[in-house]
Every structure is written in C-alpha cells, then in structure tokens.
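Enquirer: here is a sequence together with a model predicted from it:
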Amino acid sequence: MKLCDLHVSGLERFISYSEDKPIDVVPGIEFSTGYKDKELHILGLFVKPEDFGAVFFMPIALFVGALIFRRRVTLVFDIFTVPLLFTLLCSRINCLLSGCCKGKPIPFLPDLQWPVRESEIVFYAVLIVIFAVRIRKGLTYGEVYPIYMISYGVFRFITQFWRVSYFQLGPLHLSHYWAILSVIIGIVFLVIVKRKNRKVKI
C-alpha cells in the first residue's frame, strides 16, 4: 500500500496504522510541476517524516561544496546556516498554513493546541537575527552551525513532548533521539572549531 501527499503530515499515522497489520507500506511525497505544456507529478518513495535531513545532510553538502570551490569550510558553514534557517522557518510557516505538525491539545483546554509550530517559527527568526548580525560584523569563526545544531537539538527535544506524534521508540519519540544526536554532533563540532581557532590565534 502506498500513500503520497503534497506534504508529509499524514505519513506518521499511515505508517503507525500499518505496524500491526499484514501489509507493506511505502510512504511517499508528491511534487507537482510542469514542463512545456505538460503537468508532471514527481513521486519520492520511502520518505520518512523524521529524517532531520536539514540538520544532518546539509553539512555534508556544505563541506563538499567548500572543498570543490576551494573556500574555507568554517566560512561556508557560517554563511549558509542563515539561509538554511530561513528555509526551515518557511517550511514551518507552510506547516502552519497546511495544518500539519500540530501540537497536542492543551490539558483542560481541549479546543487549544500547544503552539509548537509557532514557537519553532519564533525560534528560527531569533536565530536568524542573532547569527546574521554576528556574521555581518565578522564575529563568527565556524561556530554558527554547531551552535545551531546544539540549540535546535535542545529546542526540539523539549517541544517534541507537546507535538502530535506517532513514532514511539521506547519511552521517547524518534525525534527525541535525533535531537540528542544533534546536540552531541554540535558539541563535537564546536569543540573542534574552538580548538582550531585557538591554534590559529596562537
């Protein structure tokens, strides 16, 4: 059985529903586009809603790009973190408009939900302002992306408790484990960057 949608809001429920049933599921996403006079629907299959691609796979692209174009890796990471945050902010605005990624109902106020999407929009906006100002003033030396990973990991770990979610792995949601990994990787990168900067200053 296959489910494709224009966004991934229904995939968690789809996968969770199938876990105790004798069916194989293929979660997917559909992109609608056009070429000349034809409408095209591009399907991406085996999509996992919690891949955290921006957090974990973007650094690989940035690192390779820095090497190919012979640019300082720390500078590339610093500069491209802000556009990445803007992209993530826009994706959360899309979630808000499309109705996905909702918060759980607030206890004793069942008609209201925890504002997890809204809080993430504010979180990204604040980071964009802070990082953009520091980068513009030349006050960053490769630590922007690691700080983003650490702060996002902490933020996501906390807010995940108030999100509607279907993928439990033990006592925590799958996103909690991704968030922990994000914090660990961010700390490791930050330590490496700080050590390299200390050597350069000496």
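Expert: Good, I have the coordinates.
Enquirer: so which other helices or strands are in contact with the longest helix anywhere in the chain?
Expert: When the chain is parsed with DSSP state H, its longest helix is helix 174-201. For helix 174-201, the contact count by 3 or more Cβ pairs under 8 Å, 6 or more residues apart in numbering; DSSP states H and E identifies helix 53-56, helix 144-159 as packing neighbours. (Glycine included, C-beta is placed from N, CA and C.)
Enquirer: let me know which of these is tucked in deepest.
Expert: Stretch with highest mean neighbour count among the helices and strands packed on helix 174-201: helix 144-159 (a mean of 20; mean count of other Cβ atoms under 10 Å).
Enquirer: quick one: residues in contact with that one.
Expert: Residues from elsewhere that reach helix 144-159 (Cβ atoms under 8 Å, 6 or more residues apart in numbering): 55, 59, 62, 77-78, 81-82, 84-85, 114, 116, 119-120, 123, 127, 131, 134-135, 175-176, 178-183, 185-187, 189-190, 193.
Enquirer: just the buried residues of those residues.
Expert: Neighbour-count burial (16 or more other Cβ atoms under 10 Å) is assigned, among the contacts of helix 144-159, to 55, 59, 62, 77-78, 81-82, 84-85, 114, 116, 119-120, 123, 127, 131, 135, 175-176, 178-179, 182-183, 185-186, 189-190, 193.
Enquirer: give me the neighbour count for residue 117.
Expert: 23 (other Cβ atoms under 10 Å).
Enquirer: how about residue 113?
Expert: Residue 113, neighbours per other Cβ under 10 Å, totals 17.
Enquirer: wait, it sits on residue 102?
Expert: Yes: Residue 113 lies in contact with residue 102 (Cβ atoms under 8 Å); the separation is 5.6 Å.
Enquirer: touching, residue 117 and residue 96? I think so.
Expert: Yes: if you go by Cβ under 8 Å, residue 117 and residue 96 touch, sitting 4.9 Å apart.
Enquirer: before we move on, the earlier item: which of the helices and strands packed on helix 174-201 sits closest to residue 109?
Expert: The closest of the helices and strands packed on helix 174-201 to residue 109 is helix 144-159. By Cβ to Cβ, the value is 17.8 Å.
Enquirer: next helix or strand past the closest one?
Expert: Using DSSP states H and E, the helix or strand that follows helix 144-159 in sequence is strand 168-169.
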